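In: everything below, folded, please.
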Amino acid sequence: MTAEGLHRLREALRGFETALTVTAIVLGAAVAMRLAPALIRCALAARTGVLDEPRRRTLQSLLESLARYLLAFIALVMVLRELGVDATAILASAGVVGIAVGLGAQTLIRDIIAGVLLISEDLLHVGDVITVDSRTGTVERIGLRTTQFRTDDGEVWTIPNGRLEIFGNRGPRRGGSP
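Out: Model prediction:
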């Protein structure tokens, strides 16, 4: 075999090796994304006495989403490095974009942080009767970003959690329909 033939063979094998590595990274990320929710569920199930069901479901959803994004990002960076793309420039750009998005989405971030605090500090529960401004109603849903409550006349109010700075909580509705 000639030197030219050996060089072509080496290049073909390098390309094949790169394709195999990229495939292994993608498959590994896919498996990790499938296993993460089960691991999160098991970890939260072990805390059954500490977490009530609504809080557990909220944390589970939040952690599963975070794990999915984190695993996808790590896999993307690994694939780009394998393909010879300088990932440091992309990471630096992502940092700048993250700062810009963070500044632009301050209210969204404030609402989410307030939602996490409402849930973790056990300030509200579904079924509690609350008063926000001059509106009183029964809490129907508590999310990370918003809280919904229904007034006695049937009107549903959705309040961003960041605006729930001052509110009254009478506790669970007793008797009657919520």
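In: now do the helix-or-strand element of the chain with minimal mean pLDDT: everything it contacts.
Out: The helix or strand of the chain with the poorest confidence is helix 87-104; it has a mean of 78 (mean pLDDT, DSSP states H and E). Counting by CB atoms under 8 Å, 6 or more residues apart in numbering, helix 87-104 makes contact with 77, 80-81, 109, all of which sit outside it. C-beta here means a position set from N, CA and C on the backbone, and glycine is covered the same way.
In: please narrow those residues to those residing in strands.
Out: Counting by DSSP state E, no part of those is found in strands.
In: now the two most distant members of those residues.
Out: The distance between the two most remote of these (CB to CB) is 30.2 Å, for Arg81 and Ile109.
In: and Gly137, how many neighbours?
Out: 22 (other CB atoms under 10 Å).
In: am I right that it falls within a strand?
Out: Yes - counting by DSSP: H, G, I helix; E, B strand; the rest coil, Gly137 falls inside a strand.
In: ok, now which ones touch it?
Out: 129-130, 149-152, 155, 157.
In: weed out the non-buried ones from the residues you listed.
Out: Buried members of the contacts of Gly137, scored by 16 or more other CB atoms under 10 Å, are 129-130, 149, 157.
In: so which of those are in strands?
Out: Those of the buried ones among the contacts of Gly137 lying in strands (DSSP E): 129-130, 149, 157.
In: which residue sits closest to Glu64, ignoring its sequence neighbours?
Out: Sequence neighbours aside, Pro37 is the residue nearest to Glu64 in space, at 4.9 Å (criterion: CB to CB, 6 or more residues apart in numbering).
In: look up how far Asn169 lies from the one you found.
Out: Pro37 is 33 Å from Asn169, where distance means CB to CB, to the nearest Å.
In: just Cys42 next, same as before
Out: In terms of CB to CB, Cys42 sits 33 Å off from Asn169.
In: out of those two, which sits in the busier spot?
Out: Asn169 (14 against 9).
In: sorry, back to before: can you give the distance of the least confident helix or strand of the chain from its chain's centre?
Out: Centroid separation between helix 87-104 and its chain, computed with CA atoms, centre = their mean, to the nearest Å, is 18 Å.
In: got the residue ranges for the helices in the protein?
Out: 3-45, 53-82, 87-104, 106-120 (DSSP state H).
In: OK, contacts around Ala29?
Out: Contacts for Ala29 (CB under 8 Å, 6+ apart) come out as 71-72, 74-75.
In: need the buried ones from the residues you listed selected in PyMOL.
Out: Selection of buried members from those for PyMOL, criterion 16+ other CB under 10 Å:
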select buried, resi 71+75
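In: between the contacts of Ala29, which is nearest Leu9?
Out: Ala75 (29.9 Å).
In: tell me the predicted confidence for the closest one.
Out: Note for Ala75: predicted pLDDT of 93.
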